[in-house]
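Peer 1: Here's a sequence, model it:
(chains A and B)
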Amino acid sequence: MGVDAKFTGREYGPLTYEIGKEKIREYAKAIKNEDPHYMDEDFAKNTKYGGIIAPPTFAVVYAGMLAEPFFFDKELNLNLFMLVHGEQDFEFFEVVRPGDVITSRGKIINIENKEKLDVVTLEGKSVNQDGKLVCKTVFTFVIRK
Amino acid sequence: MSKRDINDIKVGDTFSASEEVDKYRTIYYAGASGDFNPIHIDPEFGKAVGLGGVILHGLCTFGFMTKTVTDWTGDPGALKRIKCRFAMPVHLGDTITTEVRVAAVEENRATIDLKVANQDGAEVLLMASAEVEL
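Peer 2: Next up is the predicted model:
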């Protein structure tokens, strides 16, 4: 039993996430990236950003939240034991800073039924408190049948 | 940390960096990202599903790849796009090397091809590329 293509266009969110300085530090350490843009206030205040910024891939935290309602969508009924992360694409438009409030919306933009697997593509769009698009992301998941 | 200028780069320029996947990396990453899928944190579960133990989160490998690009530009905000296909699992103890190669330069924007491989030379990410504005 595959993923029904009728779910193309299904939406998730909006989900809101407030960016925290210490969470940025924790994430940066986890990916072994102690760039001073992310963790050193004295360095960061002398950059063109004027303060700490989040690593670009911090989007996995604020936009990655969309994965939860998608994975556990009872109607979509994904077989999570057979699901793998196939592809990932991030586009960045604005830097993200501590104190920003990011709102993300997700949408299934494609469902492809192949003989032995289904490919489901989830697009996420995240905007900041000023309504500016900060990140567009595309998660592609492969579910073996 | 110096910033790279668009006038200082040309097609064919390369840069590379490596990261070791230490024994506890998946634990740190699970905590920071919120992804506690048992294939990443429970060795018994990983063995039971045929992975031979825990595997690193694909997006952590993606983070290593991104770090190589942002270290090369010297400005994380210069990164405008980065993408890949996940090709094979990364295990604890692996060393992941990312090679940056400038593929195209147009005005203030450069397209970068990325090769991300383990210590055996096997590419763990495929079709990886980035775009930066300098």
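Peer 1: what residues does stretch A:28-47 touch?
Peer 2: Applying Cβ atoms under 8 Å, 6 or more residues apart in numbering or on different chains, the external contacts of stretch A:28-47 come out as A:24-25, A:49-55, A:57, B:1, B:19, B:25, B:28-29, B:31-33, B:60, B:63-64, B:66-67, B:70-71, B:75-77. Yep, even glycine has a C-beta here, placed from its N, CA and C like the rest.
Peer 1: mind checking how far that stretch is from the chain centre?
Peer 2: Averaged C-alpha coordinates place stretch A:28-47 at 21 Å from its chain's average position (Cα atoms, centre = their mean, to the nearest Å).
Peer 1: number of nearby residues for residue 7?
Peer 2: You didn't pick a chain, so chain A it is. Using other Cβ atoms under 10 Å in any protein chain shown, A:Phe7 has 14 neighbouring residues.
Peer 1: Switch to chain B, please.
Peer 2: 9.
Peer 1: Got phi/psi on it?
Peer 2: Dihedral pair for B:Asn7: phi -80, psi -10, per degrees, to the nearest 10.
Peer 1: hmm, which of the contacts of stretch A:28-47 are the buried ones?
Peer 2: Neighbour-count burial within those applies to A:24-25, A:52-55, A:57, B:19, B:25, B:28-29, B:32-33, B:60, B:63-64, B:66-67, B:70-71, B:75-77; the criterion is 16 or more other Cβ atoms under 10 Å in any protein chain shown.
Peer 1: so who does the residue minimising distance to the centre of chain A touch?
Peer 2: By Cα atoms, centre = their mean, chain A has its centre lying nearest to A:Ala63, at 2.8 Å. By Cβ under 8 Å, 6+ apart, A:Ala63 lies in contact with A:102, A:104, A:124, A:126, A:135, A:137.
Peer 1: wait, which of those is closest to B:Glu106?
Peer 2: When the contacts of A:Ala63 are compared for distance to B:Glu106 (Cβ to Cβ), A:Cys135 wins out at 22.8 Å.
Peer 1: And the pLDDT at the residue of chain B most remote from its centre?
Peer 2: Distance from the C-alpha centroid of chain B peaks at B:Ala48, with 27.3 Å (Cα atoms, centre = their mean). At B:Ala48, the model reports a pLDDT of 92.
Peer 1: For chain A, see how far away it is.
Peer 2: Distance from B:Ala48 to chain A, counting by Cβ to the nearest Cβ, to the nearest Å: 11 Å.
Peer 1: Lovely, talk soon.
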